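Novice: after the sequence you'll find the predicted model.
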Amino acid sequence: MSALSELYKEIANCRRCELARQRTRVVPGEGAEDAAIAFIGEAPGWHEDQQGRPFVGPAGQFLDELLASIGLKRQQVYICNVLKCRPPNNRDPLLTEIAACQQWLDRQLELLRPKMIVTLGRYSMARFFPGETISKIHGKARREGGLIYFAMYHPAAALHQQTLRETIKADMLKIPALLAETQKVPEAKLADRPQQLSLL
Ligand code: URA
């Protein structure tokens, strides 16, 4: 069993916050274990809670479309969330829940070691771009420690605000060039990454 699958078992037993009581299923994340790119959303919604898989509802359908627009399938990337359990009625995550769940995301990223991290929405952005606002930094890349961080609006935002749909699509189209850039990062820099990730 892979280290990531072992971690999923630990996550499945997590009782670090109140969300554990109300969940139907834990949603650890899924995708290629050697994925160069990880997409990180906010928290499972109703569909995800039912299926135990990230982004399988309407926002997930749009994410699949966005991935297809750059020639990727979800099996080729990694997809997970800041929270692994659904907040009741899809309310915003609480700071205490984010703190309780943080170690899981940290450990996932240490095992995956992606070359590019794409944040989907405000909560994921806050983790990797502290103090920033999404309207200011979406579609812009930050290069640090051999990794590229890229912030996008949450795909669900496009379901409520049609005008954002085009913005999200345009931001997605910037990803292939950035991914190509990551192929050129020297291995020496990549060796430093576990520490860099845990500092974030
Ligand atoms: N929204 C998210 O942020 N994550 C999901 O998995 C589904 C919807």
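Specialist: Sure thing, it's come through.

Novice: neighbouring contacts of stretch 46-55?
Specialist: Stretch 46-55 is contacted by residues 23-27, 29-30, 39, 41, 44, 56-58, 60, 63-64, 74, 79-81, 85-86, 90, 155 when judged by CB atoms under 8 Å, 6 or more residues apart in numbering. For every residue, glycine as well, the C-beta is placed using N, CA and C.

Novice: quick one: that stretch to chain centroid distance?
Specialist: Between the centre of stretch 46-55 and the centre of its chain there are 15 Å (CA atoms, centre = their mean, to the nearest Å).

Novice: give the buried residues for that stretch.
Specialist: Neighbour counts over stretch 46-55 (16 or more other CB atoms under 10 Å) mark 47, 48, 49, 52, 53, 54, 55 as buried.

Novice: filtering the contacts of stretch 46-55 by proximity to the ligand, which remain?
Specialist: Subset of these in contact with the ligand: 41, 44, 57, 60, 81, counting by CB under 6 Å from any ligand atom.

Novice: closest to the ligand out of those?
Specialist: Set against the ligand, the nearest of those by CB to the nearest ligand atom is residue 41 (3.0 Å).

Novice: tell me what the residue nearest the centre of the chain is bridged to.
Specialist: For the chain, the residue nearest the mean C-alpha position is residue 40 (0.7 Å; CA atoms, centre = their mean). Per DSSP bridges, the residues bridged to residue 40 are residue 80, residue 119.

Novice: what about stretch 116-127, average pLDDT?
Specialist: Mean pLDDT, stretch 116-127: 97.

Novice: can you list contacts of it?
Specialist: Counting by CB under 8 Å, 6+ apart, 36-43, 63, 81-83, 92-93, 98, 102, 105, 109, 128-129, 132, 134, 137, 147-157, 175, 178-179, 182, 200 sit against stretch 116-127.

Novice: which ones among these are found in helices?
Specialist: Cross-referencing the contacts of stretch 116-127 against helices under DSSP state H gives 63, 98, 102, 105, 109, 128, 134, 137, 155-157, 175, 178-179, 182.

Novice: list buried residues within those residues.
Specialist: Here, 16+ other CB under 10 Å leaves 63, 98, 105, 109, 128, 134, 137, 155-157, 175, 178-179, 182 buried among these.

Novice: tell me how far residue 76 lies from residue 179.
Specialist: Relative to residue 179, residue 76 is positioned 11 Å away (CB to CB, to the nearest Å).

Novice: let's see the pLDDT reported for residue 1.
Specialist: 85.

Novice: residue 159 too?
Specialist: 92.

Novice: can you check the one 10 residues further on too?
Specialist: At residue 169, the predicted lDDT confidence score is 98.

Novice: would you mind listing what in the chain touches the ligand?
Specialist: So the chain meets the ligand at 41-45, 48, 54-55, 57, 59-60, 81, 156 (CB under 6 Å from any ligand atom).

Novice: try it again at 8 Å.
Specialist: Proximity of the chain to the ligand, by CB under 8 Å from any ligand atom, involves residues 27, 41-45, 47-48, 53-57, 59-60, 79, 81-82, 120-121, 123-124, 154-156.

Novice: give me the buried subset of these.
Specialist: Buried subset of the residues of the chain next to the ligand (neighbour count, 16+ other CB under 10 Å): 27, 41-45, 47-48, 53-57, 59-60, 79, 81-82, 120-121, 123-124, 154-156.
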